[in-house]
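*Asks:* Here is my input, please return the structure:
(one chain, ligands or ions: 2)
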Amino acid sequence: METLTTPTDSVFSRLPDPSSGVFTAPLQRPGHVGEDWVEPRQHVYGADENAVWDDLFARQMEVLPGRAASTFLAGLGKLDLGRGGVPEFARLSADLGALTGWSVVPVPMLIPDHVFFWHLANRRFPAGNFIRGRASFDYIEEPDVFHDVFGHVPMLADPIFADYMQAYGRAGWKAMRHNRLKALGALYWYTVEFGLVEEGGALRAYGAGILSGPGEAVFALEAASPNRIRLNVDRVMRTDYVIDDLQPTYFVIESFADLYHQTVERDFDRLYRGLGPGFTYANTAVIDIDDVLHRGTLEYHLRGGRRSGAKPV
Ligand code: HBI
Ligand code: FE
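*Replies:* Ligands and ions are numbered 1, 2, ... in the order given. Next up is the predicted model:
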């Protein structure tokens, strides 16, 4: 029973039609962007906006050395993202293209899933065409250029991670046809956004959601509350996630090569067929097959998390 008409899962040159029966968030496309949702030009950032970038950059660099994965810090250096102000995407794409063939394109907001996957499958990273204001310095609802470029782009300078992100994009339409977007989204969430990696016996963060925000790096790596569990792709794809608070559980990879292989070598068709309808593990759960590196106290979440003003201990 095919629900996506054209093209098939393996043709990524054209954007697919998400036909009826395939759920995708009902986003209203702004009039000034085409079907690919790419902005005609990058926003020209004013002095105040560039100063927001610089201040966010400086704040993150206070906590990230010794906490961010060395792959991330290397990418940050190679792309020279700290030269001052919001990076110009043309220059950034030229540098990134020379390293791994990826480019960065400006998009107005969250874009539909099938369009997002299509860009990744073609090694284009869609990045917000705006920056947060001072009023929402610590916490934003929608990904802005700081989250997208500072958080995600340095990892795309790594050849293996670059291939992983493309493989993820290529897996997207299949997940949509199987109505398993939630499962594939969980994989993105617990790797690309909130992943930890082992480095010389210590844990480091490589997830953009951790690296682009205040506090979560310390919580993810050092607090007693969260579980830290070895990544198992099948297990992660059965796991629920929340988007508006610190994570109760982080998943740890051995290396980026291991992440890549675990993902491309798994037959997702079979995995999706084996998932019962709507079933997920709670995001606080530790289950019998887990290889647990740290069993969290979950104190932060038991005290009510962000909404209750709990301390991230
Ligand atoms: N759009 N701009 C943008 N950024 C994202 O990270 C994003 C998106 N649309 C959909 C989407 N992510 C999800 O499909 C994935 O996280 C699974
Ligand atoms: Fe993100």
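*Asks:* Could you tell me how many residues sit around residue 221?
*Replies:* 20 (other CB atoms under 10 Å). Using the backbone N, CA and C atoms, a C-beta is placed for each residue, glycine as well.
*Asks:* Now do the contacts for it.
*Replies:* Shown in contact with residue 221 (CB atoms under 8 Å, 6 or more residues apart in numbering): 67, 196, 203-205.
*Asks:* and which of the residues you listed is nearest ligand 1?
*Replies:* In terms of CB to the nearest ligand atom, no member of those lies closer to ligand 1 than residue 205, at 17.6 Å.
*Asks:* May I have the beta-bridge partners of that closest one?
*Replies:* Under the criterion DSSP bridges, residue 205 forms beta bridges with residue 68, residue 196.
*Asks:* and it, what pLDDT?
*Replies:* Residue 205 carries a pLDDT value of 98.
*Asks:* Quick check, it in contact with residue 217.
*Replies:* Yes - using CB atoms under 8 Å, residue 205 makes contact with residue 217 at a distance of 5.4 Å.
*Asks:* what sits in contact with each of these two?
*Replies:* Contacts common to residue 205 and residue 217, judged by CB under 8 Å, 6+ apart, are 67-68, 211.
*Asks:* would you turn these into a markdown table with distance to ligand 1?
*Replies:* Shown next, in a markdown table, are these (distance: CB to the nearest ligand atom, whole Å):
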| residue | distance to ligand 1 |
| --- | --- |
| 67 | 23 |
| 68 | 20 |
| 211 | 14 |
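*Asks:* Name the residue of the stretch 151-300 of the chain that lies nearest to ligand 1.
*Replies:* residue 185 (3.9 Å).
*Asks:* Can you get me a residue count around the closest residue to that residue other than its chain neighbours?
*Replies:* Excluding the flanking residues, the one nearest residue 185 by CB to CB, 6 or more residues apart in numbering is residue 241, at 7.7 Å. When counting by other CB under 10 Å, one arrives at 18 neighbours for residue 241.
*Asks:* can you check residue 263 too?
*Replies:* Residue 263 has 18 neighbours, counted by other CB under 10 Å.
*Asks:* Assess the claim that it and residue 170 are in contact.
*Replies:* No - in this structure residue 263 lies outside contact range of residue 170 using CB under 8 Å: 10.5 Å.
*Asks:* show me where pLDDT drops low in this structure?
*Replies:* 1-9, 18-25, 277-278 (pLDDT under 70).
*Asks:* Ligand 1 contacts on that one?
*Replies:* 107, 110-111, 113, 116, 126, 143, 185, 188 (CB under 6 Å from any ligand atom).
*Asks:* wait, isn't residue 134 in contact with residue 52?
*Replies:* Yes - Residue 134 lies in contact with residue 52 (CB under 8 Å); the separation is 6.7 Å.
*Asks:* Pick out whichever of these two has more residues nearby.
*Replies:* residue 52 (21 against 9).
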